[in-house]
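Asker: I would like the atomic coordinates for the input below:
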Amino acid sequence: MKTLHFCRDGILRRTFTCRDPEQNGDIRFNTRLIPVRAWEKSADPDIFLKTLHDSVMFEPGLTVGELFENLAPWADTMRAVACMDYPAFLIEMRNKDAKPAEDIEKITLGYLASIDAVPEFEREGPLFSGRVMNIGEPAYTGRLSLEEGWNMTALVKEEHRAEYDGADSVSLSFTPLSEWQHLPITIDTTGSLRDGTASPRAATHLGTDTPLTLADHKNVETVSSSTGDVFAHDVAIDVPCPTFLDTVIRGLLWDVGFHYSPVQRDDARDSVLQSVEELDLARENGEIDLDEPEDRGEIDAEEAGEIEMMKNLMKKSAEMGLQVNAPKTSDD
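Answerer: Numbers count the residues shown, from 1 in each chain. Sure thing, here's the model as predicted:
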């Protein structure tokens, strides 16, 4: 397997190995890290997309900004590959006037595999009554689900953790990239297997309050909520081989580009803050009525754009003689 190397000089490189021409009577090999741009120009113009399943290595000391610069030559391609406005994030990242975050130590990419009970609920009546959701009563399924993947974590410096109620990590989902592009980024070599059957809520779904793993096992670490309730057991495991697609794109860029662009991210942040302010004010004035159906309000600009796009897609499909179908409902 080839390996992609994210380098501190901003140049993305890939391993290439061949026989050493100076060692005809020996079985020695010559390995070099070849710039991917040179590989494109001299051997394979499609090599970048062919690296999606390559393993990845970060040069020691690599920063988030340097990682983004490694991918800058393919900024337009990254729009589709990572489902984000990569060129816009590059511009934001290169903003030299931003104040760097001083309370974050580094960014890590870690691996987590979770085993949990498959939930099911028996409900009578409608799902919503006013603004109150009626999910029903938990029911037995006797099945387990398995989810796994790489995730980004922003580790808070120890001297700043009191500012975050003792938390050792924080979300950067709404923080401009320019404020944390200077942080070093690493790939954890040890991951976790998380047993969610240790949660009390799993007992009804599985028909037993005995978890798959035992809390007193020497290799098990209990995971508790802020209130002290145990909701999982963690077991340390070796991580699978980190790859460009799974670790960098799904683990890091998915989080950075969740709202697609810096503009849409800031709009989402402002909307959340405004909603919180309105709820706080309504609560103070005693104006929240849970029995009153939620007012969806007028169609906003984003929703209007989606409606227009639906019209255009259906029109073009008809012009091409391609049928548009409604999704089929499942009986399961």
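Asker: Which elements pack onto the lengthiest helix in the chain?
Answerer: Taking DSSP state H as the criterion, the chain has its longest helix at helix 262-284. Helix 262-284 sits against helix 86-93, with contacts defined as 3 or more CB pairs under 8 Å, 6 or more residues apart in numbering; DSSP states H and E. All C-beta atoms are positioned from the backbone trio N, CA, C, and that covers glycine.
Asker: average pLDDT across the helix it packs on?
Answerer: For helix 86-93, mean pLDDT rounds to 97.
Asker: now the end-to-end length of stretch 149-167.
Answerer: End-to-end span of stretch 149-167 (CA to CA, to the nearest Å): 22 Å.
Asker: ditto for stretch 251-262
Answerer: Stretch 251-262: ends 18 Å apart by CA to CA.
Asker: Please state the offset of that stretch from the chain centre?
Answerer: The chain centre lies 7 Å from the centre of stretch 251-262; the measure is CA atoms, centre = their mean, to the nearest Å.
Asker: how about stretch 204-220: buried residues?
Answerer: 204-206, 211, 213, 220 (16 or more other CB atoms under 10 Å).
Asker: For stretch 273-280, C-alpha coordinates in PDB please.
Answerer: The C-alpha trace of stretch 273-280 is given here as PDB (Å, rounded to 0.1, in the frame of the first residue of the first chain):
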ATOM      1  CA  LEU A 273     -27.400  32.300  19.500                       C
ATOM      2  CA  GLN A 274     -30.500  34.200  18.500                       C
ATOM      3  CA  SER A 275     -32.700  31.200  19.300                       C
ATOM      4  CA  VAL A 276     -31.100  30.900  22.700                       C
ATOM      5  CA  GLU A 277     -31.600  34.600  23.400                       C
ATOM      6  CA  GLU A 278     -35.300  34.400  22.300                       C
ATOM      7  CA  LEU A 279     -35.900  31.300  24.500                       C
ATOM      8  CA  ASP A 280     -34.200  32.900  27.500                       C
END
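Asker: Strand partners (parallel or antiparallel) of the helix-or-strand element of the chain with minimal mean pLDDT?
Answerer: Among the helical and strand segments of the chain, the one scoring lowest on mean pLDDT, DSSP states H and E is strand 128-129, with a mean of 76. Strand 128-129 has its sheet partners listed here by DSSP bridges as strand 132-133 (antiparallel).
Asker: Can you list the strands that the next helix-or-strand element following the strand it pairs with pairs with?
Answerer: Per DSSP states H and E, the first helix or strand lying C-terminal to strand 132-133 is strand 137-138. Sheet partners assigned to strand 137-138 using DSSP bridges are listed as strand 121-122 (antiparallel).
Asker: Which parts of the stretch 101-250 of the chain are helices?
Answerer: 202-206 (DSSP state H, counting those that start in this stretch).
Asker: Poorly predicted segments of this structure, please.
Answerer: 1, 21-27, 130-131, 287-297, 330-332 (pLDDT under 70).
Asker: and stretch 301-311, how far from the chain's centre?
Answerer: 26 Å.
Asker: next one: stretch 170-188
Answerer: For stretch 170-188 - counting by CA atoms, centre = their mean - the centre lies 13 Å from the chain centre.
Asker: Then stretch 179-196?
Answerer: Mean C-alpha position of stretch 179-196 versus that of the full chain (CA atoms, centre = their mean) differs by 11 Å.
Asker: How about stretch 103-121?
Answerer: Chain-centre distance of stretch 103-121: 10 Å, with CA atoms, centre = their mean.
Asker: What are the buried residues along that stretch?
Answerer: In terms of neighbour count (16+ other CB under 10 Å), stretch 103-121 has its buried residues at 104-105, 107-117.
Asker: so what's residue 124 up against?
Answerer: Residues counted as contacts of residue 124 (CB atoms under 8 Å, 6 or more residues apart in numbering) are residue 136.
Asker: For residue 16, which non-adjacent residue is spatially closest?
Answerer: Counting by CB to CB, 6 or more residues apart in numbering, the nearest residue to residue 16 once its immediate chain neighbours are dropped is residue 34, at 4.8 Å.
Asker: beta partners of the one you found?
Answerer: Taking DSSP bridges as the rule, residue 34 bridges to residue 14.
Asker: if I pick the residue nearest to residue 232 when sequence neighbours are not counted, what's in contact with it?
Answerer: Counting by CB to CB, 6+ apart, residue 223 is the residue found nearest to residue 232 once chain neighbours are left out, at 4.1 Å. Going by CB under 8 Å, 6+ apart, residue 223 touches 194, 198, 230-234.
Asker: Any quick ChimeraX command for the buried ones out of those?
Answerer: Paste this into ChimeraX to select the buried members of these, with burial taken from 16+ other CB under 10 Å:
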select :194,198,232,233,234
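Asker: Now for the contacts of residue 223: which two are most distant?
Answerer: Using CB to CB, the contacts of residue 223 span at most 12.1 Å, a distance reached by 194 and 230.
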